[in-house]
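K.L.:
Just to be clear, the model below is a prediction. Sequence and coordinates:
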Amino acid sequence: MTDSKYFTTTKKGEIFELKAELNSDKKEKKKEAVKKVIASMTVGKDVSALFPDVVNCMQTDNLELKKLVYLYLMNYAKSQPDMAIMAVNTFVKDCEDPNPLIRALAVRTMGCIRVDKITEYLCEPLRKCLKDEDPYVRKTAAVCVAKLHDINAQLVEDQGFLDTLKDLISDSNPMVVANAVAALSEIAESHPSSNLLDLNPQSINKLLTALNECTEWGQIFILDCLANYTPKDDREAQSICERVTPRLSHANSAVVLSAVKVLMKFMEMLSKDLDYYGTLLKKLAPPLVTLLSAEPELQYVALRNINLIVQKRPEILKHEMKVFFVKYNDPIYVKLEKLDIMIRLASQANIAQVLAELKEYATEVDVDFVRKAVRAIGRCAIKVEQSAERCVSTLLDLIQTKVNYVVQEAIVVIKDIFRKYPNKYESVIATLCENLDSLDEPEARAAMIWIVGEYAERIDNADELLESFLEGFHDESTQVQLQLLTAIVKLFLKKPTETQELVQQVLSLATQDSDNPDLRDRGYIYWRLLSTDPVAAKEVVLAEKPLISEETDLIEPTLLDELICYIGTLASVYHKPPSAFVEGGRGVVHKSLPPRTASNESTESPETAPAGAPSGEQPDVIPTQGDLLGDLLNLDLGPPVSGPPLATSSVQMGAVDLLGGGLDSLIGGPNFVAPPAAAVPANLGATMGSGLSDLFDLTSGVGTLSGSYVAPKAVWLPAMKAKGLEISGTFTRQVGSISMDLQLTNKALQVMTDFAIQFNRNSFGLAPAAPLQVHAPLSPNQTVEISLPLNTVGSVMKMEPLNNLQVAVKNNIDVFYFSTLYPLHILFVEDGKMDRQMFLATWKDIPNENEAQFQIRDCPLNAGALLALRGCEQQATEQQHLHSRQEERGRPGYALPVPEAHQRHLGAGRAAYPARQPQLHAVTEMSSARGVPTRVPGLRDHSQELSSHPVPTPAFCQP
């Protein structure tokens with residue numbers, strides 16, 4: 001007799017009877033009683049009152065009875081934690097049982113009893129089982145570690161179970177290896193920051209060896225682990241692909257999809273010129289086709305994954321179109337998915353075959369499927385230009401069937417074809433107008449109205465057609481009302497004399513008789529445009545429209561790359577990243593395809609180099625993302641702590657920029673913007689007009705320069721590396737304040753919010769002085785400019801190069817890292833003054849070994865080079881000195897030109913010459929014939945004189 005009898009009893013007071021039977025001396029009676037308890041528990045009866053009696057039955061050698069008792073324990077231990085402690089001694093004893101099945105059963109049950117009170121008692125038995133001689137016990141204990149980690153992570157780490165688990169990856173038994181990998185992967189997903197699965201070529205080799213001998217689920221664990229590994233080069237990637245390829249012929253569909261995921265990821269690193277690349281493409285097609293012969297539910301999962309694969313690499317299945325043809329007995333969800341893949345694979349080579357099939361589908365009885373089939377014909381026309389005429393002809397044939405829903409769908413897609421191919425197929429408009437009365441769906445009516453309005457000049461009775469729609473204006477849907485309003489305005493602009501009453505009628509209906517704000521606003525805009533400037537109205541309303549794209553439903557590339565990494569999971573079925581449907585952040589790890597190696601096509605853009613760094617040196621300046629993680633992941637991306645206010649230089653007559661934007665205004669630099677006249681005080685007119693000779697005469701009580709040179713914005717973080725977020729920027733210093741001017745552009749298809757920024761420790765302690773303020777969500781294709789104030793009170797750490805800055809930017813999608821170089825002049829104060837005593841103290845603090853002395857002999861210098869070596873404060877004086885001496889000698893005067901780069905350098909805050917650099921004090925003899933110096937005397941040290949001259953001081957050095 002079967003055990004079903006235990007589920008049919010309806011006795012009352014059976015708890016008392018069961019209690020008596022559980023305490024019976026007869027083993028068979030005990031076993032029967034425990035079975036009855038488990039049956040009652042299964043159907044939902046509360047048998048927790050029997051807990052002590054059932055626990056007493058644990059002391060038995062009967063394996064079947066022990067399994068039943070352990071099953072009861074797992075169910076009720078949480079509600080009876082104090083009683084569960086009674087079972088601890090039995091667990092410890094069973095873990096030392098000579099029978100490996102009992103040892104494994106004990107350790108498995110220990111992991112399933114989620115009670116904090118008894119976890120510490122289970123550590124010692126678990127440690128023994130992890131090193132058990134029997135592989136069955138070891139593999140069970142490996143899974144138990146993951147369960148125990150979920151209950152008490154700290155305890156597992158303190159007991160060293162994670163290290164033992166890592167050792168099991170090198171176990172001789174493949175099932176132990178698979179379970180160890182599964183346990184470590186589970187723990188790593190819940191703690192992404194922990195580097196538990198430290199994969200290297202040696203451990204990968206062990207996993208690949210175990211792959212051939214595992215059970216099917218063990219193979220899935222190992223393949224998923226391999227998918228998280230990034231090979232060091234294309235050769236290693238090819239080697240792994242060769243050893244994974246045999247898994248494609250496995251009978252289990254989950255193993256096949258996991259193998260496909262690994263191959264799709266590693267193909268990114270293979271060059272398309274390799275023979276192996278073509279071989280791999282051919283090997284991927286048959287297993288995917290085989291999946292379509294399974295049950296409908298499995299077919300659907302396979303088709304959703306194939307949809308992603310076809311978008312990424314259509315060449316894999318380009319010759320397999322026939323397998324996606326719909327069968328009469330396919331469920332509707334399979335039919336629609338096959339239809340979508342057919343469109344993605346459509347090309348000039350197979351379009352005739354596809355169109356014939358789609359025309360057949362349009363005569364089916366399933367209305368939803370027929371609608372999709374007609375739309376698919378329109379998508380083919382848009383995708384394959386050579387087939388457009390054939391597609392239009394097919395649609396006209398379908399319109400002649402006079403089937404209502406077929407006609408309406410055909411009109412909707414013909415509107416899209418007109419948008420894609422203007423002035424090409426307008427001859428069919430007459431046929432469309434014949435079916436005007438049969439249109440009852442809003443989308444079809446709106447499409448027909450758009451066609452009439454767009455081609456009103458070709459339709460003789462366009463005004464009558466639109467007037468017929470206008471009769472029931474208030475009964476139409478919003479979509480139709482908006483389209484009708486626009487179409488009648490277009491008609492008026494094309495035929496103003498005939499349709500004046502019509503346009504006034506529709507504007508009155510839209511603005512005065514409608515409650516819809518969208519319709520009312522559009523009506524007012526049109527009314528005001530027409531009444532104020534009809535020419536402008538014509539330019540706006542009848543403007544040339546952009547062509548619609550070939551594939552409007554393609555998944556965004558960055559999201560597609562992430563979904564490829566999740567092939568075989570729910571994410572690949574939903575076509576959404578796990579973060580979109582998994583509650584909370586736990587277990588959600590953002591993944592991306594590995595970067596292509598140097599031998600492949602470069603995905604870098606030369607325009608992404610930061611300001612001031614040549615593109616060739618970029619790899620030396622910007623570290624890889626892995627190098628940044630160590631520091632930046634430990635930083636808090638919340639609002640930065642506000643430091644003390646920035647030191648500002650004293651200005652005697654207000655913050656006046658004497659040059660209205662640095663020296664660019666005088667030398668015509670690319671960033672020159674003429675200042676408004678009102679910005680310059682009247683008493684500065686003479687100073688501004690006196691030319692270069694007065695540029696450095698800033699001691700007349702006027703004030704200091706407030707601005708410095710601003711480099712043009714450069715792309716710091718390209719969109720392809722930041723899931724659609726592009727960051728450009730530059731650094732500025734204005735009136736003593738440093739800022740980072742950012743330009744954020746959303747090139748993704750989703751809205752971006754929750755922005756935050758953080759700097760890594762750097763050489764000069766640069767840090768944000770305020771949070772990153774993006775006041776509104778950043779919509780797709782939107783750009784916002786932000787000025788982020790900076791201060792120099794952050795943590796200091798010497799960087800290489802010295803002005804390297806590592807930045808982390810966070811939004812609702814992910815955290816992104818980049819590195820850039822900031823110009824040193826933003827750190828220098830504007831007046832360049834330094835107290836004499838502070839200068840001397842600083843001078844003495846410099847070690848003697850840092851001093852280098854040179855004597856230059858026989859060095860011919862021209863006037864420009866000589867001037868460049870002189871101190872900033874003496875340049876104007878030297879020019880006048882040389883000029884006056886030559887005038888005294890009766891020779892023509894020579895004006896020494898200041899090199900443009902040096903002018904810019906001086907205008908950028910007079911960033912200093914080195915403090916211990918000896919000055920050139922030259923008396924130059926000019927040759928009347930050639931105008932070049934003929935004698936340059938030796939150098940002499942001017943350290944005493946230097947101490948009286950102002951030396952530029954970085955802002956972070958000021959007291």
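P.N.:
Ah, there it is. Numbers count the residues shown, from 1 in each chain.
K.L.:
use CA for all of it now, contacts and neighbours both
P.N.:
Noted.
K.L.:
where does this structure have its least confident helix or strand?
P.N.:
Of all regular secondary-structure elements in the chain, judged by mean pLDDT, DSSP states H and E, the least confident is helix 664-667 with a mean of 34.
K.L.:
Pop out the phi and psi values for the nearest residue to residue 243 once chain neighbours are set aside.
P.N.:
What sits nearest to residue 243 in space, not counting adjacent residues and going by C-alpha to C-alpha, 6 or more residues apart in numbering, is residue 208, at 7.0 Å. With angles defined as degrees, to the nearest 10, residue 208 sits at phi -70, psi -30.
K.L.:
just residue 711 next, same as before
P.N.:
Backbone phi and psi, for residue 711 under degrees, to the nearest 10, turn out to be phi -70, psi 150.
K.L.:
Same question for the one 5 residues further on.
P.N.:
The main-chain torsion angles of residue 716 are listed as degrees, to the nearest 10 and equal phi -90, psi -30.
K.L.:
That one reaches residue 817, doesn't it?
P.N.:
No - counting by C-alpha atoms under 8 Å, no contact exists between residue 716 and residue 817, whose distance comes to 9.9 Å.
K.L.:
For residue 514, see how far away residue 346 is.
P.N.:
Relative to residue 514, residue 346 is positioned 45 Å away (criterion: C-alpha to C-alpha, to the nearest Å).
K.L.:
Just give the nearest non-adjacent residue to the residue positioned nearest the centre of the chain, would you?
P.N.:
The residue at the geometric middle of the chain, judged as the C-alpha nearest the mean C-alpha position with C-alpha atoms, centre = their mean, is residue 723 (2.5 Å). The spatially closest residue to residue 723, leaving aside those adjacent along the chain, is residue 558, at 5.3 Å (C-alpha to C-alpha, 6+ apart).
K.L.:
Doesn't the one you found lie inside a helix?
P.N.:
Yes - when DSSP: H, G, I helix; E, B strand; the rest coil is applied, residue 558 is found to be in a helix.
K.L.:
and it, how many neighbours does it have?
P.N.:
Residue 558 has 18 neighbours, counted by other C-alpha atoms under 10 Å.
K.L.:
Could I get the contacting residues of it?
P.N.:
Counting by C-alpha atoms under 8 Å, 6 or more residues apart in numbering, residue 558 touches 720, 723, 724.
K.L.:
I'd like the distance between the first one and residue 558.
P.N.:
With distances taken as C-alpha to C-alpha, residue 720 is found 7 Å from residue 558.
K.L.:
does residue 593 really touch residue 563, like I thought?
P.N.:
No - under the criterion of C-alpha under 8 Å, residue 593 makes no contact with residue 563, lying 9.5 Å away.
K.L.:
Please say which of the two ends up with more neighbours.
P.N.:
For residue 593 versus residue 563, the count of surrounding residues by other C-alpha under 10 Å is larger for residue 563: 30 against 21.
K.L.:
Helices of the stretch 1-150 of the chain, start to end?
P.N.:
Taking DSSP state H, counting those that start in this stretch as the criterion, the stretch 1-150 of the chain contains helices spanning 14-22, 27-42, 51-56, 63-76, 81-84, 88-94, 100-112, 116-119, 123-130, 135-151.
K.L.:
Ok, which of these comes nearest residue 732?
P.N.:
Taking C-alpha to C-alpha as the criterion, helix 135-151 is the member of the helices of the stretch 1-150 of the chain that comes nearest to residue 732, at 49.7 Å.
K.L.:
Let me know the angle separating the closest one from helix 100-112.
P.N.:
In terms of direction (axes from the mean of the first three to the mean of the last three C-alpha atoms, to 10 degrees), helix 135-151 departs from helix 100-112 by 10 degrees.
K.L.:
Quick one: mean pLDDT over helix 135-151.
P.N.:
Per-residue pLDDT values over helix 135-151 give a mean of 90.
K.L.:
Kindly report the same for stretch 470-477.
P.N.:
Per-residue confidence for stretch 470-477 averages out to 87 on the pLDDT scale.
K.L.:
so how far is that stretch from its chain's centroid?
P.N.:
A distance of 45 Å separates the C-alpha centroid of stretch 470-477 from that of its chain, computed with C-alpha atoms, centre = their mean, to the nearest Å.
K.L.:
Go ahead and name everything in contact with it.
P.N.:
So stretch 470-477 is contacted by 442, 481, 484, 506, 509, 514 (C-alpha under 8 Å, 6+ apart).
K.L.:
ok so, going back, how much space between the residue nearest to residue 243 and residue 272?
P.N.:
25 Å.
K.L.:
Please apply the same query to residue 47.
P.N.:
Residue 47 is 65 Å from residue 272, where distance means C-alpha to C-alpha.
K.L.:
Do a quick rundown of the helices in the stretch 201-350 of the chain.
P.N.:
Shown for the stretch 201-350 of the chain, the helices assigned by DSSP H, counting those that start in this stretch span residues 201-211, 216-227, 234-244, 253-266, 275-290, 296-312, 332-345.
K.L.:
which ones are touching the closest residue to residue 131 other than its chain neighbours?
P.N.:
By the measure of C-alpha to C-alpha, 6+ apart, the closest residue to residue 131 outside its immediate chain neighbours is residue 138, 6.6 Å from it. For residue 138, the contacting residues are 129, 130, 131, 132, 176, by C-alpha under 8 Å, 6+ apart.
K.L.:
Format those residues as TSV; extra columns: neighbour count, pLDDT and distance to residue 68.
P.N.:
Output for the contacts of residue 138, formatted as TSV (neighbours: other C-alpha atoms under 10 Å; pLDDT from 0 to 100; distance: C-alpha to C-alpha, whole Å):
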residue	neighbour count	pLDDT	distance to residue 68
129	27	90	22
130	24	89	24
131	14	89	27
132	19	88	24
176	28	91	26
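K.L.:
May I see these organised as a markdown table, with distance to residue 803 added?
P.N.:
Putting the contacts of residue 138 into a markdown table (distance: C-alpha to C-alpha, whole Å) gives the following:
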| residue | distance to residue 803 |
| --- | --- |
| 129 | 55 |
| 130 | 51 |
| 131 | 53 |
| 132 | 56 |
| 176 | 51 |
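K.L.:
one step back: return the distance of the residue nearest to residue 131 relative to residue 74.
P.N.:
When C-alpha to C-alpha is the yardstick, residue 138 and residue 74 sit 21 Å from each other.
K.L.:
pLDDT weak spots in the protein?
P.N.:
Applying pLDDT under 70 to the chain picks out residues 1-13, 192-195, 550-553, 584-590, 595-708, 859-959.
K.L.:
Which parts of it are strands?
P.N.:
When secondary structure is read from DSSP state E, the chain shows strands at 714-717, 725-734, 737-746, 756-759, 767-768, 783-791, 804-810, 815-821.
K.L.:
could you dump those strands to CSV with distance to residue 776 and mean neighbour count?
P.N.:
CSV is the format used below for those (distance: least, C-alpha to C-alpha, whole Å; neighbours: other C-alpha atoms under 10 Å):
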stretch, distance to residue 776, mean neighbour count
strand 714-717, 21, 22
strand 725-734, 15, 22
strand 737-746, 12, 20
strand 756-759, 13, 22
strand 767-768, 20, 25
strand 783-791, 10, 18
strand 804-810, 15, 20
strand 815-821, 19, 21
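K.L.:
Of those, which is nearest residue 159?
P.N.:
So among these, strand 815-821 is nearest, using C-alpha to C-alpha, at 33.0 Å.
K.L.:
can you state the direction angle for that closest one and strand 804-810?
P.N.:
What separates the directions of strand 815-821 and strand 804-810 is an angle of 160 degrees, with the same axes, to 10 degrees.
K.L.:
which helices and strands does strand 815-821 pack with?
P.N.:
In this structure, strand 815-821 makes packing contacts with helix 618-621, helix 625-632, strand 714-717, strand 804-810, judged by 3 or more C-alpha pairs under 8 Å, 6 or more residues apart in numbering; DSSP states H and E.
K.L.:
State the paired neighbours of the last one in the sheet, together with their directions.
P.N.:
I take that to be strand 804-810. Here strand 804-810 is paired, per DSSP bridges, with strand 756-759 (antiparallel), strand 815-821 (antiparallel).
K.L.:
Now tell me what touches that strand from outside.
P.N.:
In this structure, residues lying in contact with strand 804-810 by C-alpha under 8 Å, 6+ apart are 621, 628, 632, 637, 754-763, 815-822.
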